[in-house]
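S.K.: no letters, just coordinates:
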């Protein structure tokens, strides 16, 4: 199967109202070219699962600025005033999840688990409406797993089969999100022939990747 597609073809896989996971940490490791494709397509009413909403002119922040996002599940919005403004005026719904909890919820979604137990957030607004489970006399919040229709991830390099590697901190949420979506589209900085990557360096195996867009 040829997994390589053009950026323009990305739009065919993302429809209005879908839930997307988008990798990155303040724009580092975010697939900007794939976000360009979404903006050009006019897709809207998206639910975005992400670590943060970046900046107004970078990454996920551009989708927020163009009002393409209906809901966001994230750990941080402080670097993007557009997100806060839209939240306060009711234009966007924000579900806050502590960063470590968010990562584990995505991991649980990708691993087929029913959720994770964590003490983080007990006694705060994070706990509102959530089930509390006691284990060995200690209370935990049950945090439900997260999955998405489509994951857009950014990789430093990959081969034509879809095996991916990440350099430095660009790894962040990308490998987790690649496991937790029905369709995974990877933007690859350097595309090489299958077999050219050292197996021990591969962080996302090809089995998780449906499509590749060369940077």
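M.R.: Cool, got the structure. Please read all numbers here as calculations on a predicted model, not as lab measurements.

S.K.: CA only for contacts and neighbour counts going forward, please
M.R.: Noted.

S.K.: so where do the strands sit in this protein?
M.R.: For the chain, the strands defined by DSSP state E occupy 19-22, 46-49, 69-74, 93-96, 116-118, 132-135, 138-143, 148-159, 164-165, 181-192, 211-214.

S.K.: other SSEs contacting the second one?
M.R.: Right, strand 46-49. In terms of contacts (3 or more C-alpha pairs under 8 Å, 6 or more residues apart in numbering; DSSP states H and E), strand 46-49 is packed against strand 19-22, strand 69-74.

S.K.: for residue 62, find the nearest of those strands.
M.R.: Of all the helices and strands packed on strand 46-49, strand 69-74 sits nearest to residue 62, with 9.9 Å by C-alpha to C-alpha.

S.K.: by contact count, what packs against the closest one?
M.R.: Other helices and strands packing on strand 69-74, by 3+ C-alpha pairs under 8 Å, 6+ apart, are strand 46-49, strand 93-96.

S.K.: before we move on, back to that, can you list the strands of the chain in CSV and add distance to residue 58?
M.R.: Formatted as CSV, the strands of the chain follow (distance: least, C-alpha to C-alpha, whole Å):
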stretch, distance to residue 58
strand 19-22, 13
strand 46-49, 15
strand 69-74, 15
strand 93-96, 19
strand 116-118, 31
strand 132-135, 37
strand 138-143, 29
strand 148-159, 14
strand 164-165, 22
strand 181-192, 16
strand 211-214, 19
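
S.K.: can I get the ones you listed in TSV including mean neighbour count?
M.R.: Formatted as TSV, those follow (neighbours: other C-alpha atoms under 10 Å):
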stretch	mean neighbour count
strand 19-22	26
strand 46-49	24
strand 69-74	22
strand 93-96	17
strand 116-118	18
strand 132-135	12
strand 138-143	17
strand 148-159	25
strand 164-165	28
strand 181-192	22
strand 211-214	22
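
S.K.: adding mean pLDDT and distance to residue 28, write those out as CSV.
M.R.: What follows is these, written out as CSV (pLDDT from 0 to 100; distance: least, C-alpha to C-alpha, whole Å):
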stretch, mean pLDDT, distance to residue 28
strand 19-22, 98, 11
strand 46-49, 98, 16
strand 69-74, 98, 16
strand 93-96, 96, 20
strand 116-118, 97, 27
strand 132-135, 96, 35
strand 138-143, 97, 26
strand 148-159, 97, 9
strand 164-165, 98, 15
strand 181-192, 97, 13
strand 211-214, 96, 17
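
S.K.: so which of these gets nearest residue 33?
M.R.: Minimum separation from residue 33 across those (C-alpha to C-alpha) falls at strand 181-192, 7.3 Å.

S.K.: ok now the closest one, how far from the chain's centre?
M.R.: Taking C-alpha atoms, centre = their mean, to the nearest Å, one finds strand 181-192 lying 13 Å from the centre of the chain it belongs to.

S.K.: perfect, that will be all.
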